[in-house]
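Peer 1: Generate a structure from the sequence data that follows.
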Amino acid sequence: MPDQALVNSDLQSALAEARQAYIDRNPRSFARHQEACEAMPGGNTRTTLHNAPFPLTVVRGEGCRLWDADGHEYIDVLGEYTAGIYGHSHPVIRAAIDRALNHGWNYAGRNAYEARLARLIADRIPSIDLVRFTNSGTEGNVMALAGARVFAQRAGRAKASKVMVFHGGYHGGVLYFVTGGSPVNMPYDYVVAPYNDIEGTRALLAGHAEQVFAVLVEPMQGSHGCLPGDPAFLRMLRDETKARGITLIFDEVMTSRLSPGGLQARLGIVPDMTTLGKYIGGGMSFGAFGGRREIMELFDPTRPDSLPHAGTFNNNVLTMAAGVAGYGEVYTPEAADALNARGEKIRARLNAICAKNEVAFQFSGIGSMMTAHATRRPIRTAADIASSSQDAKELFFFDMSAAGIWIARRGFVALNIMIGDTESDRFVSAVEEFVTARKALLQPQ
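Peer 2: Residues are numbered from 1 along each chain as shown. Next comes the predicted model:
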């Protein structure tokens, strides 16, 4: 954490000093980064993990802790951006993978696990009658949109070729709207609507109703800063899409962890389709899309007009085995309730510290997911998130790293089930030290 000499610095000076301390503390990670740059652009194969001046190299994980190349130990509150809900090398999942390995892999055939995992998902997620697997949440969203478009066309909606998405939405590397759009996005015709704006979105739906075949929305935007969808806004989407014959898709790749049946169950709002990913595959590569029987039966290969859905590793035995163990035995409904209750308590403690110190800093989110924001504005819209000081958030990242807290550069937190009271208290204490030591730098502008 910062030396007392830095407490009264201006923000830019404090940030420069924290950045230099990070460089000085991590020479081996820097060397690994330089080596990686010789074979990968920017030394990177996953853009999210890049941060300046260089990312740290992780060499080991155990329980809820990580160790980097320079020997520093961290409490992992990032949880692999929600995929690492089980911590590192959970014994139940490890045993399931070992058993699967004992029988080989790459079968080019059905295996004993996939139908069990599908049944677990269909029993827990209200909107899912039938489900198919993919290798990532990105693929799940791509296939859900493809199915929804054909469903609209076969229902006689020949003009329906547009997708409504939302500013700040993230549905994978080719469906990225955090900054409004991306050059590598899928080549759909998008209607980008304002998140949590009932009247603005309703007007766009009315104006494009004949052309829109699907509305794709996160019930809480994750990558945009844990921005919860207003229940009234999400209910409006459900009502409007149902009335207009538009498929409503909830992207619950992240948010399905927020209750035993996903955020849709917690809210009591059931979409037509749901996409999943991350932790449900036991921490292995995983994605899924599912929904109403009449939509999902488009992919039934016994039908003469079925849609193709290929993928060599869709049902790979390691993910299927890990998923059955993780989702079926470890992240039970009781475990989901307990983890999200812990997250609510931690976030309340953090926000109480920020309020007590009267700083422009706070944490938004639901349950076990949260994000830090350097602003006093209530977090409800994209404008609220944009008001956050990015320099203050970067300083928070460096101070957390120095304190041994593994957190996303953007201030994102996703708790895992291995975090107990001791780790929770240490995380809260680290944030309190940051807030009190940097108080002069965290004043509203």
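Peer 1: pull the longest helix from the protein.
Peer 2: helix 333-356 (DSSP state H).
Peer 1: after it comes which helix or strand?
Peer 2: Using DSSP states H and E, the helix or strand that follows helix 333-356 in sequence is strand 362-366.
Peer 1: residue ranges for the helices of the stretch 1-150 of the chain, please.
Peer 2: Taking DSSP state H, counting those that start in this stretch as the criterion, the stretch 1-150 of the chain carries its helices at 11-25, 27-37, 91-101, 114-124, 137-154.
Peer 1: go on, the stretch 201-350 of the chain?
Peer 2: 231-244, 262-267, 293-296, 317-325, 333-356.
Peer 1: export those helices to JSON lines and tack on mean neighbour count, distance to Gly281 and mean pLDDT?
Peer 2: Every residue, glycine included, has its C-beta placed from N, CA and C. Formatted as JSON lines, the helices of the stretch 201-350 of the chain follow (neighbours: other C-beta atoms under 10 Å; distance: least, C-beta to C-beta, whole Å; pLDDT from 0 to 100):
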{"stretch": "helix 231-244", "mean neighbour count": "17", "distance to Gly281": "26", "mean pLDDT": "98"}
{"stretch": "helix 262-267", "mean neighbour count": "22", "distance to Gly281": "15", "mean pLDDT": "98"}
{"stretch": "helix 293-296", "mean neighbour count": "16", "distance to Gly281": "19", "mean pLDDT": "98"}
{"stretch": "helix 317-325", "mean neighbour count": "25", "distance to Gly281": "4", "mean pLDDT": "98"}
{"stretch": "helix 333-356", "mean neighbour count": "16", "distance to Gly281": "16", "mean pLDDT": "98"}
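Peer 1: Minimum distance to Pro194: which of these has it?
Peer 2: The closest of the helices of the stretch 201-350 of the chain to Pro194 is helix 231-244. By C-beta to C-beta, the value is 9.9 Å.
Peer 1: Once you drop chain neighbours, what's closest to the residue most central in space within the chain?
Peer 2: Nearest to the centroid of the C-alpha atoms of the chain, with distances taken as C-alpha atoms, centre = their mean, sits Met254, at 3.9 Å. Computed as C-beta to C-beta, 6 or more residues apart in numbering, the closest residue to Met254 that is not its neighbour in sequence is Gly222, at 4.1 Å.
Peer 1: Could you report the distance from the one you found to Ser388?
Peer 2: According to C-beta to C-beta, to the nearest Å, Gly222 and Ser388 sit 16 Å apart.
Peer 1: Please, which helix or strand holds Val163?
Peer 2: strand 162-166.
Peer 1: what lines up beside the next helix or strand after that strand in the sheet?
Peer 2: For strand 162-166, the succeeding helix or strand toward the C-terminus, using DSSP H and E, is strand 189-193. When pairing is defined by DSSP bridges, strand 189-193 lines up against strand 162-166 (parallel).
Peer 1: Now the strand it pairs with: average pLDDT?
Peer 2: Per-residue pLDDT over strand 162-166 has a mean of 98.
Peer 1: Grab the nearest non-local neighbour of Gln221.
Peer 2: Closest residue to Gln221 in three dimensions, ignoring its sequence neighbours and counting by C-beta to C-beta, 6+ apart: Leu227, at 4.3 Å.
Peer 1: returning to what we had before: closest to Trp105 out of the helices of the stretch 201-350 of the chain?
Peer 2: Nearest to Trp105 among these is helix 317-325; the distance by C-beta to C-beta comes to 4.9 Å.
Peer 1: residues in contact with the closest one?
Peer 2: Helix 317-325 has contacts (C-beta atoms under 8 Å, 6 or more residues apart in numbering) with 92-93, 95-97, 99-101, 103, 105-107, 111, 113-114, 116-117, 120, 133, 280-286, 313.
Peer 1: Also stretch 148-166?
Peer 2: For stretch 148-166, contacts defined as C-beta under 8 Å, 6+ apart pick out 145, 171, 175, 177, 188-195, 201, 204-205, 208, 210-218, 221, 245-247, 249, 272-273, 294-295, 298, 307.
Peer 1: For it, which residues meet the burial criterion?
Peer 2: By 16 or more other C-beta atoms under 10 Å, the buried positions in stretch 148-166 come out as Ala148, Arg149, Val150, Phe151, Ala152, Arg157, Ala160, Lys162, Val163, Met164, Val165, Phe166.
Peer 1: Can you name the element that comes right after the lowest-mean-pLDDT helix or strand in the chain?
Peer 2: Comparing every helix and strand of the chain by mean pLDDT, DSSP states H and E singles out helix 382-386 as the least confident one, with a mean of 93. Downstream of helix 382-386, the first helix or strand assigned by DSSP H and E is helix 390-402.
Peer 1: Report the inter-axis angle for that next one versus helix 11-25.
Peer 2: Interaxial angle, helix 390-402 versus helix 11-25 (axes from the mean of the first three to the mean of the last three C-alpha atoms, to 10 degrees): 30 degrees.
Peer 1: tell me how far the helix or strand just after helix 390-402 is from the chain's mean position?
Peer 2: If you walk from helix 390-402 toward the C-terminus, the next helix or strand you reach (DSSP H and E) is strand 405-406. Centre-to-centre, strand 405-406 and its host chain are 17 Å apart (C-alpha atoms, centre = their mean, to the nearest Å).
Peer 1: Skip ahead from strand 405-406 and say which helix or strand is next.
Peer 2: With elements assigned by DSSP H and E, the helix or strand that comes after strand 405-406 is strand 412-414.
Peer 1: Describe which strands that following strand pairs with in its sheet and in which direction.
Peer 2: strand 369-373 (antiparallel).
Peer 1: What residues of the partner strand count as buried?
Peer 2: Met369, Met370, Thr371, Ala372, His373.
Peer 1: Not counting its own residues, what contacts that strand?
Peer 2: The contact list for strand 369-373, computed with C-beta under 8 Å, 6+ apart, reads 82, 220, 222, 225-226, 254-255, 257-258, 343, 346-347, 350, 361-365, 379, 384-385, 388, 393, 396, 410-415.
Peer 1: same question for it, mean pLDDT?
Peer 2: The average of the pLDDT scores along strand 369-373 is 98.
Peer 1: Relative to the whole chain's centre, how far out is it?
Peer 2: Distance of strand 369-373 from the chain centroid (C-alpha atoms, centre = their mean) equals 12 Å.
Peer 1: ok, now stretch 14-34?
Peer 2: 27 Å.
Peer 1: Farthest pair within the buried residues of stretch 148-166?
Peer 2: Top of the distance list for the buried residues of stretch 148-166 (C-beta to C-beta): Val150 and Phe166, 23.1 Å.
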